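Visitor: pasting the sequence and the predicted coordinates here, then a few questions.
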Amino acid sequence: MKKKMKKILTFALAVIMVFTIQGVTFSSFAATDDDSDKVRIMALGDSLVVGTGSTSSTDLAGFRSPLQKALKAAGVDFDFVGSVSIGNRNRIDADSEGHLLYRIDQIASNAKKWVKAADPDIVLLLTGLQDITINYKLSTVADRYEGLLNTIRETAPGVQIVVATMIDQPTSTLQRRTTDFNNDLRDLVDQQAAEYGDVVLAELGGLLLLSEYLVSVPNDKGYIRIAGVFAEALTGLLPYGDMDKLTAPPLKILSLGSSETVGVGSGNRSDFAGYRGYLQEILDEASLYYDFLGSQQMGDPTHIDIDHEGHNGWRIDQIASSIKSLLASKPDVVLLQIGSNDCWQKYKLDQAAEKYDKLINDIRAYAAPGVKIVISTVLESTDDEQAARVRTLNESIREIAAAQAAEFGDVYLAELETALDRGTDYADTLHPDDSGYVKMASVYANVLSEFIDGVQGELVDPPIRILPFGDSVTLGLGSGLDSGLAGFRGYLYNRLNNSGLSVDFVGSLYTGLPSYVDPDHEGHLSLRIDQLAASAEKWVGKSTPDVILLYAGTADLTLNYKLSTAPARFEDLLDKVHAAAPDAKIIVSTVIDPSVKLIYQARVDSFNKELRKIVTKKQTEYGNVWLADMSGALKPLVDHFSILVPKDSGYSKMANIWKDAVLEALEAVGE
């Protein structure tokens, strides 16, 4: 057992590293006339540069993620460089030269190649953990490290090098080695700084608390501390930027409440996190360095910080009874959304105001000193009886907010009661859908803008709501992994985003890989034109789209179903779609050519000819209808899954035509 534990500890130790900064003078590289030039930064080293021990809270990238957020907050235009990409590439620049379990000599033997290829302005050097862990030639540390520094300097003349000492280690033997290692490293940096003026020390020894380790490597809290040390080191190296913002710790935000805080009812567009997903978009647009806190996780960790303290079904008293532990992370800002379950359960409503007032006082007592407390009125809901109870409680919440703000100056009110449309913004009786959550986020952002500089009250670029509506082809029947199992929707979603648009696919159905595509749609397997028309007003009206992609006729043409009436039935479908969303841009697609000519080509040609006439007629009548002509786009027997259903190569070609039509429609109305 001891041998097994020793092996586990040895591996864990092989992935740790920490620094702290010592005051050393050095020359920074020259600023260019154009401050927008990117500063090229290479994080070079071992497992601690990789980010071993980190989670989605630091984007699986260790100190590199919080450091990049601090650089953005400071207004520094940077490019992290290196041949290795480790971390959440949706949220950070994941490039580095972090190499798991590498020793100093292994880093040194590759340094010339890596540095030459990346041509960095600054190198953040963190290595030696593996040498300490396996006791590898520690008597030669100074010589090997000096050779590494000389290689970096000779390969990239003018480069600035931040050298980090090692974080403390969990056993007395390893700590003795670490102490000797760090002493040798400090002496070397002093010598090199005096001789070359291009080296600064980041002192990590003694930096981390016991709670900031995961066994022997840092956890997310530890990596955030390490990022702070690197940020301090960079203040003397960067040619421009707000150094106060660079070295400031992240703003710690706690979303606290019940199921609305969890994000029940939300979908892919909000990253399954309700208002938290949208709010983080707004904070990112403001380049705010923040850290969402909490013991609960909900949302897509590839896009947002998923930590929170939302608890399904909890009432005011349940939050209050656990408030000390809920605030153990000492937030700077608390977003409190609570009370809907008290109203729904009719739970001691005569005592609710008193409990709410006491809860605010407890938050002030247990959160970070100077905490800002944003309380919110309860959402109205779609149930009239619930709404009446909510209105009564909200009157008390408003009075409490006013009194607390007047006395303490730290309480702000987010007015949510009527922020949502009862007809279109709810997923169920109590919970918003994504359209409702984006409105919640805007309300919270407006309040945050009162005490956080740069935060806008709404999304700067609100997403365009696109409804893919139709049959099996809209569903993506026959598609594969290349399209994210979503047919043309997968390709189209990414190509529209790459064109600079912010889009939100909407609909009651969900098909596709959420890591690749927004899976929401209204594509119904094997439904005919008349079957789609029967529910069109309900489906389209609920989605409140800005753009509708209409594709129908596959089943009718395949089954030879009443083809003489197909055009008239399609016109009826189009009229119902327009009636449900009269302001939406409607893009009508012709049916793709069949995989085999025979009798099917004649059917398709005849139907498409009439469909084009209908589109021309409706363009005159409505003024908001466009055509996406798929005729001739697909190659027979090559791009098909079945007679009138594409495979991925065909869906890709369809997506190009859809994209052009969407851009044309948006441009025509000045979007």
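Guide: It's in.
Visitor: so which elements touch the host helix or strand of I599?
Guide: Using DSSP states H and E, I599 sits within helix 598-622. With contacts taken as 3 or more CB pairs under 8 Å, 6 or more residues apart in numbering; DSSP states H and E, helix 598-622 sits against helix 554-559, helix 566-580, strand 585-589, strand 625-628. C-beta: built from backbone N, CA, C; applies to glycine.
Visitor: how many residues are close by the residue nearest to G206 when sequence neighbours are not counted?
Guide: Closest residue to G206 apart from its sequence neighbours, by CB to CB, 6 or more residues apart in numbering: D168 at 6.2 Å. Neighbours of D168 under the rule other CB atoms under 10 Å: 20.
Visitor: got it, and A584?
Guide: Other residues close to A584 by other CB under 10 Å number 21.
Visitor: quick one, what contacts it?
Guide: By CB atoms under 8 Å, 6 or more residues apart in numbering, the residues touching A584 are L467, V540, P545, D546, V547, I548, H578, N624.
Visitor: the bottom helix or strand of this protein by mean pLDDT?
Guide: strand 20-21 (a mean of 28; mean pLDDT, DSSP states H and E).
Visitor: quick one on the thing from earlier: any chance of TSV for the contacts of A584, columns distance to E385?
Guide: Shown next, in TSV, are the contacts of A584 (distance: CB to CB, whole Å):
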residue	distance to E385
L467	33
V540	30
P545	32
D546	34
V547	37
I548	36
H578	36
N624	40
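Visitor: among those residues, which ones are in helices?
Guide: Per DSSP state H, helices hold the following members of those: V540, H578.
Visitor: of the contacts of A584, grab the buried ones for PyMOL.
Guide: Here is the PyMOL command that selects the buried residues among these (16 or more other CB atoms under 10 Å):
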select buried, resi 467+540+545+546+547+548+578+624
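Visitor: sorry, back to before: for the helices and strands packed on helix 598-622, which one sits closest to M440?
Guide: Closest to M440 of the helices and strands packed on helix 598-622 is helix 566-580 (CB to CB; 25.1 Å).
Visitor: now do the buried residues in that closest one.
Guide: Across helix 566-580, burial judged by 16+ other CB under 10 Å covers A566, P567, R569, F570, E571, L573, L574, D575, K576, V577, H578, A580.
Visitor: next one: stretch 418-434
Guide: Residues of stretch 418-434 classed as buried: A419, L420, D425, Y426, A427, L430, H431, P432, D433, D434 (neighbour count, 16+ other CB under 10 Å).
Visitor: is the fifth one in contact with E260, as I believe?
Guide: No. Checked against CB atoms under 8 Å, the pair A427 and E260 is beyond contact range at 10.9 Å.
Visitor: from K372, how far out is V455?
Guide: 12 Å (CB to CB, to the nearest Å).
Visitor: next one: Y600
Guide: From Y600 to K372 the distance is 65 Å (CB to CB).
Visitor: quick one: which of these two has more around it?
Guide: Set Y600 next to K372 and count neighbours by other CB under 10 Å: K372 wins out with 22 against 18.
Visitor: now that one. Nearest residue, chain neighbours left out?
Guide: Using CB to CB, 6+ apart and skipping the chain neighbours, the partner closest in space to K372 is V333 (4.8 Å).
Visitor: dihedrals phi and psi, the one you found?
Guide: phi -130, psi 130 (degrees, to the nearest 10).
Visitor: begin at 60, not 1, for the rest of this chat.
Guide: Understood, numbering begins at 60; the last thing we discussed is V392.
Visitor: for it, name its beta-bridge partners.
Guide: I312, K431 (DSSP bridges).
Visitor: picking up where we left off before, out of the buried residues of helix 625-639, which is nearest to S329?
Guide: A639 (23.5 Å).
Visitor: okay, that closest one: pLDDT?
Guide: Note on A639: pLDDT of 96.
Visitor: how close does it sit to L633?
Guide: A639 sits 11 Å away from L633, going by CB to CB.
Visitor: so, low pLDDT: which residues of the stretch 210-359 of the chain?
Guide: Regions of the stretch 210-359 of the chain meeting the criterion pLDDT under 70 are absent.
Visitor: can you pull out the strands in it?
Guide: Using DSSP state E, counting those that start in this stretch, the strands of the stretch 210-359 of the chain run over 219-223, 258-262, 272-273, 276-277, 310-316, 349-352, 355-356.
Visitor: do the stretch 510-659 of the chain as well
Guide: 523-529, 562-564, 568-569, 579-582, 606-610, 644-648.
Visitor: so for L347, which of these sits nearest?
Guide: Comparing these under CB to CB, the one sitting nearest is strand 562-564, at 22.7 Å.
Visitor: average model confidence for that closest one?
Guide: Mean per-residue pLDDT for strand 562-564: 89.
Visitor: could you do stretch 381-389 as well?
Guide: Stretch 381-389 comes out at a mean pLDDT of 96.
Visitor: need the contact partners of that stretch.
Guide: Contacts of stretch 381-389 (CB under 8 Å, 6+ apart): 311, 313, 315, 352-354, 368, 378, 393, 418, 421-422, 425-427.
Visitor: okay, it in CSV with CA atoms only?
Guide: The C-alpha coordinates for stretch 381-389 follow below in CSV (Å, rounded to 0.1, in the frame of the first residue of the first chain):
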residue,chain,number,x,y,z
SER,A,381,-27.4,27.2,4.7
ILE,A,382,-26.2,30.8,4.0
LYS,A,383,-22.9,30.5,5.9
SER,A,384,-21.7,27.5,3.9
LEU,A,385,-23.2,28.9,0.6
LEU,A,386,-21.0,32.0,1.0
ALA,A,387,-17.9,30.2,2.1
SER,A,388,-16.2,31.4,-1.1
LYS,A,389,-16.6,35.0,0.0
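Visitor: in that stretch, which residues are buried?
Guide: Applying 16+ other CB under 10 Å to stretch 381-389 flags I382, L385, L386, S388 as buried.
Visitor: again with stretch 246-257
Guide: Under the neighbour-count criterion of 16+ other CB under 10 Å, stretch 246-257 has L247, V248, Q251, A252, D257 buried.
Visitor: and the residues you listed as JSON lines, adding distance to A446?
Guide: As requested, the buried residues of stretch 246-257 are exported to JSON lines (distance: CB to CB, whole Å):
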{"residue": "L247", "distance to A446": "70"}
{"residue": "V248", "distance to A446": "66"}
{"residue": "Q251", "distance to A446": "70"}
{"residue": "A252", "distance to A446": "68"}
{"residue": "D257", "distance to A446": "67"}
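Visitor: tell me where the stretch 610-730 of the chain is predicted with low confidence.
Guide: 727-730.
Visitor: quick revisit: now, the buried residues of stretch 381-389 that are in helices?
Guide: Using DSSP H, the members of the buried residues of stretch 381-389 that fall in helices are I382, L385.
Visitor: of the buried residues of stretch 381-389, closest to Q234?
Guide: Closest to Q234, out of all of those and judged by CB to CB, is S388, at 28.1 Å.
Visitor: any idea how far the closest one lies from A427?
Guide: Separation of S388 from A427 (CB to CB): 9 Å.
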